[in-house]
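I'll drop the sequence and a predicted model, then ask my questions.
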Amino acid sequence: MLDVLQKLGHKTLGRFAALGRSAYMLFSALVNVPSVKKGTPLLVRQLYMVGSQSLLIIMVSGLFIGMVLALQGYTVLVGYGAEDSLGPLVALSLLRELGPVVTALLFAGRAGSALTAEIGLMKATEQLSSLEMMAIDPLKRIIAPRFWAGFISMPLLAIIFSAVAIIGAHLVGVDWLGVDTGSFWSIMQSQVSFTQDILNGIIKSFVFAIVVTWIALYKGYDCVPTSEGISKATTETVVHSSLAVLGFDFILTAVMFTS
Amino acid sequence: MNSRKLEILVGFFVALGILAFAMLALKVANSGIAGTGETYSLNAKFENIGSLKTRAPIKVGGVVIGRVESIYVHPKEFVPVVNMTIDAQYLCRFSDTSSVSILTSGILGEQYLGINPVIAPESAEKRCLGEDIVSTEQDQAIDDLFGVQSKALGDGDTVSDTKSAIVLEELIGQFLFNQSSE
């Protein structure tokens, strides 16, 4: 009986300690801004690793998700003779939900796991300790540029995802299934509001960017420095950040889109 | 990889993001009315607004000229009041004898406000805009005919001639009532 209680207490304390360590890591990485001259090349390099290299997978999956949405939406809407509403259906579901969420999930798999593995291996091969020996703060040099790169690139990727997906929906809906191109765009324009839908979607993806990048960096920074530990940390990054994204998505949707 | 090539690729990524944002902002979202254009507001009291919602379009002959800004219950008379924002180019162009009705687009469509416009005489328009009045004989004749001086609708004015939404249950109720009385 007491053993069970002790185990529970130990686990709870461990969780809170981890939360504290991760908050401390993020805080000390972000609290002092590095000089522009030294920081920019590091940031550009990470933007390339995290953002530019995720571009292809985001655009391809966006295209296919848009095409599938149009196809599925059309088969339902045509039953009511409302196939002209395909435009707003696709645009609203993409801008409000699918764009930010699917981008965040793909980002966690594509970039988050890479960040964790990279930092985990740096820790295992004691590169982080060597940096400290050279009086370079690894939080500033390694963690901060990666965090900012994730923070900047995720909203951009989400916007690109939505735009490409809408083009994909147009491809299937208008060019293949024969929805009128004029009503596709005009009904979409009359239903989609810039502040309500587009800006709220972007705010969502900023939140997801913070969550996913933070989890990925912390898991790498805090992993057990063995090959097994790195593999476990990488898996945890993908699982935890996917769950966190879906959970936060519900909260954000409840706050933003219910009146 | 040298730093120039890397910077170009990042630049490409950011430019693509900005391009996609511009596309979403200009092509996907509505950029017309309810944007930053100049507007003025009008109020109208109804008996029943049906399922009219905020942001519903306000149309003259099918052309959208504004949107419903807010709907609230009049604190003393307990009737719904609809506050509308209308494109400023129509400021003082409608006479106060114009009527506003709640209409439905299609059978299952959304409800919108239709303005049945009466064009304000030039003198009333000028008076409403606060310009000098040069009353012509023609306007005088019209005013004499109706016995009141015609007014144009300016910012914050209330339209008195309104037609409420048709509620299906009330219609059926009336129909049944008429049937039973025969």
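Right, received. Where do you want to start?

Skip the chain neighbours and tell me the closest residue to B:Leu91.
Among residues not flanking B:Leu91 along the chain, B:Tyr40 sits closest, at 4.9 Å (C-beta to C-beta, 6 or more residues apart in numbering or on different chains). Using the backbone N, CA and C atoms, a C-beta is placed for each residue, glycine as well.

Then A:Ile65?
Using C-beta to C-beta, 6+ apart, the closest residue to A:Ile65 is A:Ala165 (5.3 Å).

isn't there a helix covering the one you found?
Yes - assessed with DSSP: H, G, I helix; E, B strand; the rest coil, A:Ala165 lies in a helix.

Any idea how many residues pack against it?
30 (other C-beta atoms under 10 Å in any protein chain shown).

OK, contacts around it?
Residues near A:Ala165 by C-beta atoms under 8 Å, 6 or more residues apart in numbering or on different chains: A:62-63, A:65-66, A:69, A:90, A:94, A:98-99.

nearest to B:Val159, of these?
Set against B:Val159, the nearest of the contacts of A:Ala165 by C-beta to C-beta is A:Val90 (37.9 Å).

ok so, going back, got the buried residues for the helix or strand harbouring the residue nearest to B:Leu91?
Assigned by DSSP states H and E, B:Tyr40 belongs to strand B:39-45. Going by neighbour count (16 or more other C-beta atoms under 10 Å in any protein chain shown), the buried part of strand B:39-45 is B:39-40, B:42-45.

swap in stretch B:93-106?
Of all the residues in stretch B:93-106, those buried under the rule 16+ other C-beta under 10 Å are B:93-98, B:100-102.

re earlier: okay, the contacts of A:Ala165 in JSON lines with neighbour count and secondary structure next?
As requested, the contacts of A:Ala165 are exported to JSON lines (neighbours: other C-beta atoms under 10 Å in any protein chain shown; DSSP: H, G, I helix; E, B strand; the rest coil):
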{"residue": "A:Gly62", "neighbour count": "28", "secondary structure": "helix"}
{"residue": "A:Leu63", "neighbour count": "18", "secondary structure": "helix"}
{"residue": "A:Ile65", "neighbour count": "22", "secondary structure": "helix"}
{"residue": "A:Gly66", "neighbour count": "27", "secondary structure": "helix"}
{"residue": "A:Leu69", "neighbour count": "23", "secondary structure": "helix"}
{"residue": "A:Val90", "neighbour count": "30", "secondary structure": "helix"}
{"residue": "A:Leu94", "neighbour count": "30", "secondary structure": "helix"}
{"residue": "A:Leu98", "neighbour count": "21", "secondary structure": "helix"}
{"residue": "A:Gly99", "neighbour count": "31", "secondary structure": "helix"}
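
So what's the predicted local confidence for whatever residue of chain B ends up closest to chain A?
Ranking the residues of chain B by distance to chain A (C-beta to the nearest C-beta) places B:Gly17 first, at 3.2 Å. Here, the pLDDT recorded for B:Gly17 equals 89.

Could you verify my assumption that it touches A:Ile160?
Yes - B:Gly17 is within contact range of A:Ile160, at 5.7 Å (criterion: C-beta atoms under 8 Å).

Neighbour count: those two, which is higher?
For B:Gly17 versus A:Ile160, the count of surrounding residues by other C-beta under 10 Å is larger for A:Ile160: 26 against 21.

ranges for the strands of chain B?
Here chain B has its strands, by DSSP state E, at B:39-45, B:57-60, B:63-73, B:80-87, B:99-104, B:111-116, B:158-159, B:161-163.

For the stretch 151-259 of chain A, which residues are neighbours of chain B?
Neighbours of chain B within the stretch 151-259 of chain A, by C-beta under 8 Å from any C-beta of the partner chain: A:153, A:155-157, A:159-160, A:162-164, A:166, A:185, A:188-194, A:197-198.

Show me the residues you listed that map onto strands.
Among these, no member falls in strands (DSSP E).

For the buried ones among these, write the corresponding PyMOL selection.
To isolate the buried ones among these in PyMOL, judged by 16+ other C-beta under 10 Å, type:
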select buried, chain A and resi 153+155+156+157+159+160+162+163+164+166+185+188+189+191+192+193+194+197+198
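
Just the pLDDT for the residue nearest to B:Leu91.
B:Tyr40 is given a pLDDT of 87.

A:Ile119 versus that one, what's the distance?
58 Å (C-beta to C-beta, to the nearest Å).

Please identify the helix or strand for A:Ala209.
Judged by DSSP H and E, A:Ala209 forms part of helix A:200-221.

Past that helix, which element shows up next along the chain?
Downstream of helix A:200-221, the next assigned helix or strand under DSSP H and E is helix A:227-256.

Name the nearest residue to A:Ile167, ignoring sequence neighbours.
What sits nearest to A:Ile167 in space, not counting adjacent residues and going by C-beta to C-beta, 6+ apart, is A:Gly66, at 6.8 Å.

Low-confidence regions, the chain specifically.
Picking chain A for this. Applying pLDDT under 70 to chain A flags the ranges A:32-34, A:259.

nope, chain B
Ranges of chain B meeting pLDDT under 70: B:1, B:30-36, B:106-109, B:132-136, B:138-140, B:142-143, B:146-149.

Quick test: name the residue nearest the centre of it.
With distances taken as C-alpha atoms, centre = their mean, chain B has B:Ile58 as the residue nearest its mean C-alpha position (3.4 Å).

Can you give me the distance of A:Ile160 to A:Ser242?
21 Å.

Also B:Ser123?
69 Å.

Likewise for B:Val73?
46 Å.

and what of A:Tyr221?
Using C-beta to C-beta, which is the criterion applied here, A:Tyr221 is 20 Å from A:Ser242.

and the two? which has more neighbours close in?
The neighbour count for A:Tyr221 versus A:Ser242, taken as other C-beta under 10 Å, is higher for A:Tyr221 (24 against 18).

need the contact list for that one.
So A:Tyr221 contacts A:25, A:119, A:123, A:128, A:143 (C-beta under 8 Å, 6+ apart).

Please identify the residues of chain B in proximity to chain A?
Looking at chain A, the residues of chain B close enough under C-beta under 8 Å from any C-beta are B:3, B:6-7, B:9-10, B:12-14, B:16-17, B:19-21, B:23-25, B:27-31, B:34-35, B:55, B:57.

is it true that A:Lys123 touches A:Leu217?
No - in this structure A:Lys123 lies outside contact range of A:Leu217 using C-beta under 8 Å: 11.7 Å.

from the buried residues of stretch B:93-106, which is closest to A:Phe107?
When the buried residues of stretch B:93-106 are compared against A:Phe107 (criterion: C-beta to C-beta), the nearest one is B:Ile102, at 46.4 Å.
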